[in-house]
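In: Task: produce atomic coordinates for the following.
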Amino acid sequence: MYSTGQWVDMYCDGLYKPVCSNVTGHNVAFVFINTPMSWMEAQRYCREHLTDLAIPRNLSENEKIRAVIPGGVYSWIGLHKDTWKWSDGSLYVFNRWTSGHPTGGEKNAQQVVKVKLVGNSALDLNDPAVLGNLQAELKEKVKEQGVAAEIKLSWKKQLDGKIFYKEKKDQNWKWSLPDEDFYSNDQNIRNWAYAEPTSPWFTAECVHMYDNGLWNDAPCDWHYGFICANISGQTVKFVFINTIMNWTNAQRYCRQHYTDLASVRNLQENEQIRTMKPGVIAWIGLYRDTWKWSNGNLYLFYYWASGQPNGETEKCTSADFSLSGRWNDWSCSLKKAFICYLDAVPFTKQAVKLQLVGNSALDLNDPDVLEKLLEELKQKVEDQGVRADIKLSWKKCPNGKTFCKEKQKDQN
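Out: Numbers count the residues shown, from 1 in each chain. Below you'll find the model as predicted:
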């Protein structure tokens with residue numbers, strides 16, 4: 001529901017702030033929850049803490065819900081399409097749709113299907129006549145399957161303006177955990193949902209797992225729960241974190257508290273993860289290694305000009321200020337003016353190797369011991385006259401431990 005009180009249909013995995021209902025007998029109170037979540041998460045939250053997602057039975061109750069939603073905000077209510085039913089299973093009789101909605105009803109059902117052309121075709125896939133003939137053939141194929149409804153087909157353009165693009169074998173997908181020894185020969189397992197991934201090659205996407213165990217690519221700044229991995233040698237234990245974060249924050253959390261975001265080496269590990277998360281979408285450690293900022297930051301925001309980027313060999317970017325600063329990709333060998341930036345509060349990161357000498361009885365896997373060591377190290381640095389704000393953290397070895405036994409000096 002929009003703050004005007006009118007309804008809009010949305011994808012159920014979008015993140016919006018819900019309105020819950022608190023029912024006592026025939027009396028109902030509506031409560032706005034100021035936390036964005038998916039529809040399923042909102043339903044679960046409302047059922048755990050109140051009664052259910054809000055169900056307006058008439059215009060008066062619709063107005064009460066509207067009154068608790070802040071201006072300019074979309075909020076989940078309890079209606080979902082099965083076809084449409086209320087969250088508690090009751091029949092859908094009252095409605096308050098905004099003009100033009102719902103947009104995905106039975107009379108106007110829309111579906112995106114990925115089409116793959118195989119073989120070496122001489123067809124010009126930019127020719128409107130060729131595209132029209134392909135549409136006619138596809139429509140005939142659908143009718144041959146017994147679909148009698150009126151079907152309208154159209155092409156969906158990619159962000160680069162093209163309809164078809166050459167498919168790469170793996171499109172630069174990488175796991176967050178970089179240790180190649182961990183993967184052996186199973187690194188290339190992919191368990192994509194049907195027709196996924198759908199994003200163009202040049203967009204930064206991260207991967208989440210549906211509740212059925214299949215994968216989908218999504219913008220990395222979306223918020224989901226996530227799966228961390230605790231790794232010791234080739235042994236891995238998965239941990240579901242039921243706190244919604246974007247992918248980069250989830251990666252940071254897993255690296256601080258465990259080893260990394262979950263890598264999936266085979267279908268058995270995929271099934272382990274699927275069964276441990278209670279019917280929700282969760283981030284895993286796969287992401288597309290595409291454009292990066294000069295300082296190494298992940299590429300999330302983009303502002304490409306129309307038709308850009310248009311060349312996979314043009315690997316540097318300029319801003320065209322005659323087009324409101326929109327971006328073009330160029331060859332890195334071209335000479336152009338450039339823009340630098342300066343951190344208002346500069347900082348540096350440094351990795352320091354520590355060696356513990358002597359036979360210590362300390363349990364170096366004990367979090368309290370590790371925290372105490374950090375405090376002593378910080379004090380040592382400050383005793384050297386360093387007055388800057390210092391944050392220390394441990395970096396785990398590939399086997400999941402913070403300290404590793406050093407091999408013999410000569411190693412044969």
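In: what bits of the stretch 1-150 of the chain have low per-residue confidence?
Out: Filtered on pLDDT under 70, the stretch 1-150 of the chain yields the residue ranges 82-85, 88-94, 103-114, 116-121, 145-149.
In: can you give me the strands in it?
Out: Under the criterion DSSP state E, counting those that start in this stretch, strands of the stretch 1-150 of the chain are mapped to 19-24, 27-32, 52-53, 79-81, 84-86.
In: Adding distance to E180 and mean neighbour count, write these out as TSV.
Out: All C-beta spots, glycine's among them, are computed from the backbone N, C-alpha and C. Listed next are the strands of the stretch 1-150 of the chain as TSV, based on distance: least, CB to CB, whole Å; neighbours: other CB atoms under 10 Å:
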stretch	distance to E180	mean neighbour count
strand 19-24	47	18
strand 27-32	49	15
strand 52-53	46	22
strand 79-81	44	17
strand 84-86	49	16
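In: Can you lay out those as TSV showing distance to T259?
Out: Output for the strands of the stretch 1-150 of the chain, formatted as TSV (distance: least, CB to CB, whole Å):
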stretch	distance to T259
strand 19-24	37
strand 27-32	39
strand 52-53	37
strand 79-81	37
strand 84-86	43
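In: So for D366, which of these sits nearest?
Out: When the strands of the stretch 1-150 of the chain are compared by CB to CB, strand 19-24 sits nearest D366, at 41.9 Å.
In: And the closest one, what does it pack against?
Out: strand 27-32, helix 39-49, strand 52-53 (3 or more CB pairs under 8 Å, 6 or more residues apart in numbering; DSSP states H and E).
In: Excluding its own residues, what touches that strand? List them.
Out: 1, 28-33, 42, 45-46, 49-55, 65, 68-69, 75-78 (CB atoms under 8 Å, 6 or more residues apart in numbering).
In: Stretch 227-247 now?
Out: Contacts of stretch 227-247 (CB under 8 Å, 6+ apart): 15, 36-37, 41, 177, 182, 206, 209, 220-226, 250, 253-254, 257-263, 269, 272-273, 276-277, 280, 282-285, 287, 398-401.
In: returning to that earlier point: of all the strands of the stretch 1-150 of the chain, which one is nearest E61?
Out: Among the strands of the stretch 1-150 of the chain, strand 27-32 sits nearest to E61 (CB to CB), with 7.0 Å.
In: hang on, the earlier thing: identify whichever of the strands of the stretch 1-150 of the chain lies nearest to E144.
Out: Using CB to CB, the strands of the stretch 1-150 of the chain put strand 79-81 closest to E144, at 28.2 Å.
In: List the neighbouring strands of that closest one plus their orientation.
Out: If you go by DSSP bridges, strand 79-81 pairs up with strand 84-86 (antiparallel).
In: what angle sits between the longest strand along the chain and helix 39-49?
Out: Counting by DSSP state E, the longest strand found in the chain is strand 235-245. Strand 235-245 and helix 39-49 are oriented at 80 degrees to each other (axes from the mean of the first three to the mean of the last three CA atoms, to 10 degrees).
In: Give me the sheet partners of strand 235-245 and which way each runs.
Out: strand 224-232 (antiparallel).
In: next one: the partner strand to chain centre, how far?
Out: Chain-centre distance of strand 224-232: 15 Å, with CA atoms, centre = their mean, to the nearest Å.
In: Show me just the buried residues among the contacts of strand 19-24.
Out: When those are checked for burial by 16 or more other CB atoms under 10 Å, the buried set is 1, 28, 30-33, 42, 45-46, 50-55, 65, 68-69, 75-78.
In: Got the domain ranges for this protein?
Out: 19-108, 111-156, 173-288, 349-381+391-403 (automatic domain parsing).
In: could you redo the ones you listed as TSV and give each row distance to V8?
Out: Below are those laid out as TSV (distance: least, CB to CB, whole Å):
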stretch	distance to V8
domain 19-108	5
domain 111-156	20
domain 173-288	19
domain 349-381+391-403	43
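In: And the contacts of stretch 227-247, which of them are buried?
Out: 15, 36-37, 41, 177, 182, 206, 209, 220, 222-226, 250, 253-254, 258-263, 269, 272-273, 277, 280, 282-285, 287, 398, 400-401.
In: Please flag which of these sit within strands.
Out: Those of the buried ones among the contacts of stretch 227-247 lying in strands (DSSP E): C206, M209, Y224, G225, F226, D260, L261, A282, W283, I284, G285, Y287.
In: Take those and write them to TSV, including pLDDT and distance to H101.
Out: Shown next, in TSV, are these (pLDDT from 0 to 100; distance: CB to CB, whole Å):
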residue	pLDDT	distance to H101
C206	89	30
M209	92	30
Y224	89	26
G225	92	29
F226	95	32
D260	92	42
L261	94	37
A282	93	30
W283	95	30
I284	94	34
G285	92	37
Y287	89	34
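In: any chance of those residues in CSV, plus distance to L370?
Out: What follows is those, written out as CSV (distance: CB to CB, whole Å):
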residue, distance to L370
C206, 29
M209, 31
Y224, 29
G225, 26
F226, 23
D260, 18
L261, 21
A282, 27
W283, 26
I284, 27
G285, 24
Y287, 29
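In: wait, which of those residues is closest to W7?
Out: For those, the nearest to W7 is Y224 (25.0 Å; CB to CB).
In: Next, the contact list for that closest one, please.
Out: S38, H208, I244, M245, A250, V280, I281, A282, W283.
In: same check, this time on N365
Out: K401, T402 are the contacts of N365 under CB under 8 Å, 6+ apart.
In: hang on, the earlier thing: what's the offset of the longest strand of the chain from the middle of its chain?
Out: With CA atoms, centre = their mean, you get 15 Å for strand 235-245.
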